[in-house]
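Participant: Fold the following.
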Amino acid sequence: MGWSVPEVPERTPASACSPWICFFIIFFCVLISVAWLLFSGSVEDRSSLSSGAWLPLAATMLVSSMAILTLYLLGWEVQALKAFYWNSWRQNLHAAWQQHAHQHLCVVNQRNLMVNSDFVPQLTGLVAKNDAIDKSTTLLAGEALIPGISRFEQLSQALLKQIAPSLANWYPSGALTVVIQTSAASLKQEKQRVASLWKQLALPWTPTFHVLPAEFAFEFWNNQLLASHNPVLILAIHYRQVNETLAEFASALLLAPPLLLSAAQQREAVKVFRAMPLQTSELSAELKELKEMNQQPSASVGMVWFSGLTAPQRQQLTSAVFELPLSLRSSAPMAGLIDFDEGCDRYGHLAGWLMSVAAIEAVNYDMGSQWLVWADDKQAWTMVAGRQMPLMNTSPERAQAAPFPAGGMMLAVLLNTLLIWSLGFAFPVWLFSWWGTITLLAVLGVTLPGLAFALRKVVASALLPGFFRAAGEHERNKK
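Facilitator: Got it, this is the predicted structure:
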């Protein structure tokens, strides 16, 4: 479903470490040691503090207390770390999913050549429809019309001449990604003609051409264009073919990664976001998920465009939109629901680009942010365009503080104590020398933080597969 945001269940944080339990452990060890002293050994040993029997007993009591304290604190820290890592990953997962959805390109300029120059204003209700307008189906009136690849070159030249000045003002030279998609099947010829036209016009940019096949380009948008570090020029053209009467159109969309724009330019630019795949049988849940991603604030959404939906799917979309709810423009046709198929001819996969350019033009008319929905018999997609900055969800959950590494540090102290005890028996002279003291301090300085970090690493590594399984199990239950 859509982006399938995993909803991993939250874990209850571990209770605080109890000082009373630590005190009881120390008291119990002291009590056992005193009882052992009273009920074992000779009277002479117990009568004098100078007796050597006190030293082993005191050392045993100290080590026993530390060992039991270490077991308790290690158990508490492991449980606390499990809850801390689990809940932190859960929050980070939601944030990462939203940042993924917030990827976008900024619109620098767009051109939309159509036989009806008032196409978008009429479709959005800004201008009344005029049934008496000229029913011409070709562009560039007055110029020679030769159907086929020559017509493609003619329309491409018109678009490049219109878009080049704005690109030159902002991006004088450098690498440029050029995407071409048409309704014809002459992919190789189209690429050759645009490359030749590029040289003929002496354009200063270094192009990388991508001629797309006859299919929706949303996966290419998500996987290739959103990852581009260069400006992107998209040319979507339906040009006249022999024995064909569908109205021509030629659209150009000049896009830039946000990092190539200043902060002020980013705020003012229209943004086109990552596309989301849809399951048309679950439109209500899918659109709710789209709204929760906050690519654009839901209050700013002015219109919802759709193309390729069947009659039942259109009814389901209408119900879903009004259940969310969205603040659509009541002055627009169908209260803000724009049936793109009624406004123009059926262009199949090219309707994706044409509707995108039309929606961007509607944003420039101050008609709010736009949702777009496309579908055919194989797939369905939705996309968002708008001028607002995307919003990160403000989770009511507070970030959990990392637990104090009491168990790891106590383990380090215990191991160092045993090391000192062993060295005292084996190398007593070296132990109390300067080199012995410096060595022990260095070992203590390494093991105290080292064991604490090692424990965290081990707990995180052991817990991570379970977290992935929980996320996968939730996704399987959703399906």
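Participant: Which strand or helix spans residue 252?
Facilitator: strand 249-256 (DSSP states H and E).
Participant: Adjacent strands (with direction) for that strand?
Facilitator: strand 104-114 (antiparallel), strand 232-238 (antiparallel) (DSSP bridges).
Participant: List the buried residues for the helix or strand that that strand is followed by?
Facilitator: Remark: after strand 249-256, the chain's next helix or strand is helix 263-268, criterion DSSP H and E. Going by neighbour count (16 or more other C-beta atoms under 10 Å), the buried part of helix 263-268 is residue 266. Bear in mind the C-beta positions are built from the backbone N, C-alpha and C, glycine included.
Participant: which regions of the chain lie under the pLDDT threshold?
Facilitator: 1-5, 33-59, 130-135, 343, 345, 393-399, 472-479 (pLDDT under 70).
Participant: hey, where'd the strands end up in it?
Facilitator: For the chain, the strands defined by DSSP state E occupy 104-114, 174-182, 205-211, 232-238, 249-256, 270-273, 276-277, 301-307, 337-339, 369-375, 380-386.
Participant: ok, residue 310 - how many residues close by?
Facilitator: Neighbours of residue 310 under the rule other C-beta atoms under 10 Å: 11.
Participant: How about residue 292?
Facilitator: Counted with other C-beta under 10 Å, residue 292 comes out at 15.
Participant: Specify the angle between the strand holding residue 252 and strand 174-182 in degrees.
Facilitator: In terms of direction (axes from the mean of the first three to the mean of the last three C-alpha atoms, to 10 degrees), strand 249-256 departs from strand 174-182 by 150 degrees.
Participant: picking that back up, any chance of JSON lines for the strands of the chain, columns distance to residue 327 and mean neighbour count?
Facilitator: Formatted as JSON lines, these follow (distance: least, C-beta to C-beta, whole Å; neighbours: other C-beta atoms under 10 Å):
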{"stretch": "strand 104-114", "distance to residue 327": "21", "mean neighbour count": "21"}
{"stretch": "strand 174-182", "distance to residue 327": "33", "mean neighbour count": "20"}
{"stretch": "strand 205-211", "distance to residue 327": "37", "mean neighbour count": "16"}
{"stretch": "strand 232-238", "distance to residue 327": "30", "mean neighbour count": "24"}
{"stretch": "strand 249-256", "distance to residue 327": "27", "mean neighbour count": "24"}
{"stretch": "strand 270-273", "distance to residue 327": "19", "mean neighbour count": "24"}
{"stretch": "strand 276-277", "distance to residue 327": "21", "mean neighbour count": "20"}
{"stretch": "strand 301-307", "distance to residue 327": "7", "mean neighbour count": "24"}
{"stretch": "strand 337-339", "distance to residue 327": "13", "mean neighbour count": "20"}
{"stretch": "strand 369-375", "distance to residue 327": "10", "mean neighbour count": "26"}
{"stretch": "strand 380-386", "distance to residue 327": "13", "mean neighbour count": "24"}
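Participant: mind checking which of these is nearest residue 90?
Facilitator: Comparison of the strands of the chain against residue 90 by C-beta to C-beta identifies strand 276-277 as nearest, at 21.8 Å.
Participant: and the spatially closest residue to residue 390 that is not a sequence neighbour, what is it in contact with?
Facilitator: The shortest distance from residue 390 to any non-neighbouring residue, by C-beta to C-beta, 6 or more residues apart in numbering, is to residue 102 (4.2 Å). Contact partners of residue 102, counting by C-beta atoms under 8 Å, 6 or more residues apart in numbering, are 273-274, 293-295, 390, 392.
Participant: which of these are buried?
Facilitator: 273-274, 293-295, 390.
Participant: so which pair among those residues is furthest apart in space?
Facilitator: The most widely separated members of the buried ones among the contacts of residue 102 are 274 and 294, with 12.7 Å between them, by C-beta to C-beta.
Participant: Take the strands of the chain and write them to CSV, including distance to residue 60.
Facilitator: As requested, the strands of the chain are exported to CSV (distance: least, C-beta to C-beta, whole Å):
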stretch, distance to residue 60
strand 104-114, 67
strand 174-182, 74
strand 205-211, 76
strand 232-238, 74
strand 249-256, 73
strand 270-273, 68
strand 276-277, 66
strand 301-307, 73
strand 337-339, 81
strand 369-375, 73
strand 380-386, 70
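Participant: distance of the residue positioned nearest the centre of the chain from residue 353?
Facilitator: Nearest residue to the geometric centre of the chain (C-alpha atoms, centre = their mean): residue 100, 1.6 Å. Residue 100 sits at a distance of 23 Å from residue 353 (criterion: C-beta to C-beta, to the nearest Å).
Participant: gap between residue 11 and residue 233?
Facilitator: Using C-beta to C-beta, one obtains 49 Å as the distance from residue 11 to residue 233.
Participant: before we move on, the earlier item: which among the strands of the chain is found nearest to residue 461?
Facilitator: Judged by C-beta to C-beta, the one of the strands of the chain that comes nearest to residue 461 is strand 276-277, at 33.1 Å.
Participant: That closest one pairs with which strands, and in what direction?
Facilitator: Sheet pairing for strand 276-277, using DSSP bridges, gives strand 380-386 (antiparallel).
Participant: Report the beta-bridge partners for residue 235.
Facilitator: Taking DSSP bridges, one finds residue 180, residue 252 as the beta-bridge partners of residue 235.
Participant: wait, it sits on residue 180?
Facilitator: Yes. The pair residue 235 and residue 180 qualifies as a contact (C-beta atoms under 8 Å) at a distance of 4.9 Å.
Participant: which residues do these two both contact?
Facilitator: Common contacts of residue 235 and residue 180, defined by C-beta under 8 Å, 6+ apart, comprise residue 194.
Participant: Residue 156 - how many residues pack around it?
Facilitator: Using other C-beta under 10 Å, residue 156 is surrounded by 22 other residues.
Participant: ok, it - contacts?
Facilitator: By C-beta under 8 Å, 6+ apart, the contact set of residue 156 is 193-194, 197, 235, 237, 250.
Participant: again, only using 6 Å
Facilitator: Listed by C-beta atoms under 6 Å, 6 or more residues apart in numbering, the contact partners of residue 156 are 194, 197.
Participant: cool, and residue 220?
Facilitator: Here residue 220 is in contact with no residues (criterion: C-beta under 6 Å, 6+ apart).
Participant: Mind doing that once more with 10 Å?
Facilitator: Contacts for residue 220 (C-beta atoms under 10 Å, 6 or more residues apart in numbering) come out as 179, 181, 210, 212-213, 226, 275.
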